[in-house]
Every structure is written in C-alpha cells, then in structure tokens.
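Peer 1: Below: sequence and its predicted model.
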Amino acid sequence: MAPLSRNVVFGSLSTKLIGVAGAAFALILSGAILLAAWATQERVETTVETQAKTQAESIANAISAKLAEQTSGVNTMAGTITAAFNCGVRNRAMVVEMLRMNETRYPDVFGSWMQEAPGGFDGKHAPKAPGSNAEGDFNPYWTKGDGGNLQYTATAVDYTQSWYTLAAKSGKGAITEPYADSGNHKMMVSIAYPVIVSGTLIGVTGVDVRLDWLSNKLAGIRPFGAGRVMLVSGSGAWIANPDQSELMKPYAGEGADVLNAALADGQPRILNKFDNGRTERIIYPFAVPNLNATWALVVDVPEEALAAPVRHATWAMIAGGILTLLLVLGALYATVLLLVRRPMTGLLGAVETLRRGDYGRQVPGQERHDETGTIAVALEGFRHTLAEGQRHEAAAAEERRQAEQARAEAEASRMAVAAEQGQVVEALGSGLSRLSAGDLVFRLNEAFAPEYEVLRTDFNLAVAKLQEAMKAISVNTQGVRAGSAEMAQASDDLSRRTEQQAASLEQTAAALSEITATVKTTSDGANEARKLAQDAKGDAEQSGAVVGSTVKAMAGIESVSKEIGKILGVIDEIAFQTNLLALNAGVEAARAGDAGRGFAVVATEVRALAQRSADAAKEIKVLIAASGTEVENGVKLVGETGKALERIVGQVARLNQLIVEIAGSAQEQAVRLNEVNEAVSQMDVVTQQNAAMVEQANASCHSLTEEAEELSRLVGEFQIGHTEAPRQATKPAKSRIPVHAPRPPVAPKPVSRTPVPAGTEDWDEF
C-alpha cells in the first residue's frame, strides 16, 4: 500500500474530526468567555454609572444650594416689599436702599433691580423721585463693577424681556435662560420674583447672577480621572462647557432628543457609545429650587474607565480557555488515531487499487462490525460491479466500431451529391455574374444532371426574354432622344422670339410711362397756378376790404379831430373866465390890504395857470387842424388804392378761369394716357407669362433629352447583339417669322410752361 500524501493527511477524516470537535469546543469555550465578559462589563458599567449618577447628584445639590442662597435673598426682598405695601408704606427710597443692601450681601450677584408694573408702584410719574427714570417710571438698577464698587442707574422700562415676563405672568419665582451682559459680555442669568399685593401686580424684583463661578467649579471636576462635567439650561442651552464657543448655544448633534426627553420628564438618561464609542454620556436633570425651572448636568465618562476592568478579566479567562482547549485536543487526537485513522488508511489503499483498474484483490477490513467494516463490504461489492462493467465496455467498443464504418459509407454518398450540387451552383453563379455585368448574349450550354436540367433551361429562357426586351427599349430610346432634341430646338426659337416681343412691349410701356409723367407734371403745374390765382384773388379782395376799412377809419379820425377842436374851444373859454376871476380876486385882495395878501398870491398863481392852459389849447388846435388836412389827403389816396385793387381782382378772376380750363385739359390727357399705359402693361404681363411658360417647356424638353441620353447610356451597358435602326422623327419646318429689333426708348419731352388753350389735344406724335 502506497503512503498517504500530505493533502490526504491534512484532508483526512480524522483530521477533520479533530478540527470539528476542537472548533466546537473552542466555540463553546468562547461563548462562555464572552458571556462571562459581558456579565463583567454589565457589572462594571452598572458600578460606574452608579458612581457617575451619585457624583452628578452631589454636584446638582451643590449648584441648587448655591442658587437657593441667591434665590432666598430675592424672595426675602420681594416679601419685604409686599409686607410694606400691605402696611400702606410705598417709599421709593426705602426700596432703592433695600436693593443696594441685597447687592452687597452676595458676591456673585452682578445686579439688583426692580421694575414696576405700568403705574403699579403708586400710580404716579415722578421723574425726580428716587428710583425713577427720565419718564417717571420706577426702575432702579444697582450693578457691581469688577473692583466691587456699586453703580446706580434708572433705566427705561421694558415689559417684553423674559426677566420680567416669566415672573409677571406666572406669579411665581423664575429664572431666565443664560445670556451675555451687554456691557462686559459675561454670561449670567436673572432670578426674578413678582411683588403682588391683594392680587395686583405691583412690579417684579430680582437679581442678575454671573455664572463664571459655575463654569470654573465644573471645569475642575474630572470624574474617573479623564471625564468632564457640563451644564445645560431648561431650553438646552450650554451654561458650562469646556469649549467656550459653545456657551449659550443650544445643545446640537448626537443625543439632542435624549436631552430634551430628560428635561421634559426629569429622569436621567444614558448615551452609550457616545462620540464614536470613546465616551459614555450621562444626562442628569435636576430642578432649580423655587424657580419653576429644570437644568441638566451632562457627565462624560471615558470608555477607558469601563473597558479596563473588563479587559483584564477577559484576558484572564482567554488564557485559561486556551490551556483547556489544548488538553482536550490532545486527548481527542489519540482517540481518533486508534479508532478512525488506521482503519480508514486500509480502506483508502483498497480504493487506490480499484482506481488503477486492478479488480482482482479483495478489500481488507470486512470482518469489522463498525462503520469501517460496512464500508469495506460495500467496496467489495463495488469491486465485483466494476469487473462486470469492464466486460460490458469491451462489447460496447465493438458496437461503436461497426457504427463508425456505416457512418463513413453514408458520408461518401453525401459527398457525391454535394459535388453535383456544387457544379450546378457554380454554373448558375457564372451565368448570374455575366448577367450582372450586362451580358445578355451568354447561355448555359453545358448539360446538368437530370434532376437539375430544368434550372439550366429556365435560366436560358429568362435571359433570352430579357435580351429581346432590352433591344426594344434601345430602339425606342433612340427615337425618344431624336424627338426630344427637335422639340428642344423649336422651344429655343419660340423662347427667343417671345423674349424679343416682351422687350419691345417693355420699352413701349416705359415710353408711355414717361409721357404720362410729363402730362401729369403739366396738370400739377396748372393746378398749382390755379391755386395761386385763387389765393391772389382772395388777397386782392381782402386788400379791398382793408382799404374800405381804412377809409372809414380816416373819416372817423377826421370827425374826432373836429370834436377835439370843439372841446379845445370850450377849454379856451374856461381859461379866459378863470383868468377874469383870478383878476377880480387880485383886485379884491388889494382892497383888503395886508389881510388879503395871501389870497392875492393864490389868485396870481391861478391866473398864471389859466394863461398856460389857454396857450396849450391854442397849440393843440393848430396841430389838430394840420392833422385834419393830412387825414383828408390820406382818405383820397386810400380811395384810389381801393379802385386799383378792384381792377386787379377782376383781372385775377379772369386769369383763374383760364388756368382752370388748362388744368381740366391736362387732367383729361393724363387719364387717357393712364388707360393706354395700363393696357400696354397688361400686354407686357401676358407676354412675360408666355415667356415663362416657353422657358418651362424648353427646360422640360432639355430634361427629356438628358433623360433619353441617360436611358440610352444605361441600355448601352447591356450586350444585346444587333438592333434595328430607329425610326426618324419628322422634323417640323422652321418658321420664318421675322424678328424685328426693339424700338429705342422715347426720350421724355420737357414740359412747356407756355399756357395751352383749353380744349386742344395733340396725339399725332404718339
């Protein structure tokens, strides 16, 4: 028996059995180790979480106590103000002093304040009262600087801020969300309590508390060595965080929903495998005492604090498990070697003998009463079956040899038939090749096998019929080509004569257009002269009316001059009478002596004025007399001008009548010439259409000739043998109609400006 190969050794049943048993035992052992490690981890996590919660509770109690200390001061201050109001004491200065004392009592308090409800303190607006701002509202505010010095202001009221609305609306103490102070940008919160007297809101008092002490305190707490403690407000905003840029920003990212749930129900939450498994985060909510708010501590426990104890216990269990596994595998190997491997080696040798085709050796191990003996018995039966099969295989080989001989004979018969078919296909292929080259004279003269002879006969008949058809097409094509050439020649002659006729008509139309334009110009000139004559007549008539008006105006001026002369006579008489009165007054003043001296002076001045009026009246009278003479001369001249204008109006009227007659004659000539021009234009259009139709016919004849040439060329590609001469088409006799040269265009005559008598027409030249 040949030794077993290395692959057989490592792939043997005994090796697999040891491997499977060892793997099963290792799997069970691993499960036990994992279960123990899980129980250890659960125990460690529970312990660590309990410690973290205990520490978080301790920190929360410390924060609550610190806030409660500051809250108690605000609550006491609100209660004191309420008690004072109940006793009827509404002293602004007392409240301001109370706020100052509360500011000095707590070092972490940044500001102490009170803001009255609208008119709530005493219903008065007193700008100069203690604690009042410029509008008279009570709103005192004490703040503490970095050096501990106190500063006092009275700011404008604001009823929309949360430090006022939370306590005012709830009627209880409240704490705001963290915010940054507008002055020093420090993070702080406001704790506020309402001041309510007999159910009426008087105002809200409170303090502003800095939170830097809280951030510093939490930053120094490091749970489990590398952990950290942070704080968020009731809305989820960061109050304490090692990353200063996150302060007052909302909690975002992983675990935000868990934080909101913890703030809502007040129950702690744990975020396992936080920050990619590096941390376990514990959220511990707690109530801010007496302020109707819930904050939450966020404690990050490093994963190392949980994993280190579990890792140590796990490695110890793994070492013990490996040692146990090695002992079990050794015992298992010895057992398998005795009970499995040795019997199976004998069976493998028997199988190898059978594989080589040696069916004469008996299989060992048949005497065993276990599975190995059963396999040996089965192999023995298989040996007998293989020997019987070997005999049947020899008989089958003989049968295959006889079948191969019959197949060879059938193949020879098939090859003979294929040779005959190849001859037929080759001959038909040659004939079709000659036919595709245009050879219609070729025939298949070599005889085919009897079963294929009908193919040769049909091919020759088809080629003969195609040859006759191509001969007929060739003869007809030549006749069509000759006839189309003669039609193209005739169409060319007709087209040339039609073009000459169209050119003559076009020149005639152009001459008529020029004559029409000349007559129209004459008519337009006559119309323009008629309009000018009418305008001149109107102007002359209007000038006559103006002259008449001028004569009347001159007569009026003459009449007015006479009236002015009369008025001047009256003025002269008045001046004379005034002179006499002034003279009599002077005489009476002289008689009165010194008493009438002043009156005498006045009388002298009146007399001088009357004399000057008389002189001016005389000068005006002389000028009016001269003006009357000039006006009379102007009246005569204007009258003569009016008569001359009347004569001009008559002459212009006669001239207008003549021009109207000339314009009518020119208009009638223009209408007649227009009608003649339209008729010639219509003839020109018809001739142009005829020329276009002749061109189309000519193009069709040339196209037909080209197509006949192409058809003749295509037919010429076929070898069709001798053909009959085509019939000659009867040539039409060429027409001898003379073609006259076109007349030169008629030069337009210049329009004469000499008046033409109405009613004369000269058509001889046309």
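Peer 2: Thanks, I have it.

Peer 1: Check the secondary structure at the residue of the chain most remote from its centre for me.
Peer 2: Distance from the C-alpha centroid of the chain peaks at R591, with 119.7 Å (C-alpha atoms, centre = their mean). Under DSSP: H, G, I helix; E, B strand; the rest coil, the three-state class of R591 is helix.

Peer 1: And the pLDDT for it?
Peer 2: At R591, the model reports a pLDDT of 72.

Peer 1: and the gap between it and N584?
Peer 2: Here R591 is placed at a distance of 11 Å from N584 (C-beta to C-beta, to the nearest Å). All C-beta spots, glycine's among them, are computed from the backbone N, C-alpha and C.

Peer 1: just S495 next, same as before
Peer 2: 130 Å.

Peer 1: How about residues contacting stretch 232-244?
Peer 2: The contact list for stretch 232-244 (C-beta atoms under 8 Å, 6 or more residues apart in numbering) reads 177-178, 187, 189, 211, 214-215, 218-219, 228-231, 246-251, 256, 259-260, 263, 293-296, 298.

Peer 1: More neighbours: S495 and N584, which one.
Peer 2: S495 (20 against 11; other C-beta atoms under 10 Å).

Peer 1: So which residues of the stretch 251-400 of the chain form helices?
Peer 2: Under the criterion DSSP state H, counting those that start in this stretch, the stretch 251-400 of the chain contains helices at 256-265, 274-277, 303-336, 342-355, 371-436.

Peer 1: closest one to L655 among those?
Peer 2: helix 371-436 (99.2 Å; C-beta to C-beta).

Peer 1: And the closest one, what does it pack against?
Peer 2: helix 342-355, helix 453-592 (3 or more C-beta pairs under 8 Å, 6 or more residues apart in numbering; DSSP states H and E).

Peer 1: Just put the helices of the stretch 251-400 of the chain in CSV and tack on mean pLDDT, distance to V601 and mean neighbour count.
Peer 2: Formatted as CSV, the helices of the stretch 251-400 of the chain follow (pLDDT from 0 to 100; distance: least, C-beta to C-beta, whole Å; neighbours: other C-beta atoms under 10 Å):
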stretch, mean pLDDT, distance to V601, mean neighbour count
helix 256-265, 90, 121, 15
helix 274-277, 76, 130, 13
helix 303-336, 74, 138, 14
helix 342-355, 76, 184, 16
helix 371-436, 78, 158, 12
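
Peer 1: Helix, strand or coil: sort out I620 for me.
Peer 2: Going by three-state DSSP: I620 is helix.

Peer 1: Adding distance to A608, write the helices and strands packed on helix 371-436 out as JSON lines.
Peer 2: Formatted as JSON lines, the helices and strands packed on helix 371-436 follow (distance: least, C-beta to C-beta, whole Å):
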{"stretch": "helix 342-355", "distance to A608": "182"}
{"stretch": "helix 453-592", "distance to A608": "8"}
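
Peer 1: looking at these, which is closest to N272?
Peer 2: Closest among those, using C-beta to C-beta: helix 342-355, at 52.7 Å.

Peer 1: what packs against that closest one?
Peer 2: helix 371-436.

Peer 1: Can you give the distance of the helix it packs on from its chain's centre?
Peer 2: Its chain's average C-alpha position is 75 Å from that of helix 371-436, according to C-alpha atoms, centre = their mean, to the nearest Å.

Peer 1: next one: stretch 280-287
Peer 2: Worked out by C-alpha atoms, centre = their mean, stretch 280-287 lies 49 Å from the chain centre.

Peer 1: Verify the assumption that V204 is located in a helix.
Peer 2: No: assessed with three-state DSSP, V204 is strand; it does not lie in a helix.

Peer 1: Can you report how many residues neighbour it?
Peer 2: 26.

Peer 1: in the sheet, who's paired with it?
Peer 2: Q115, P194 (DSSP bridges).
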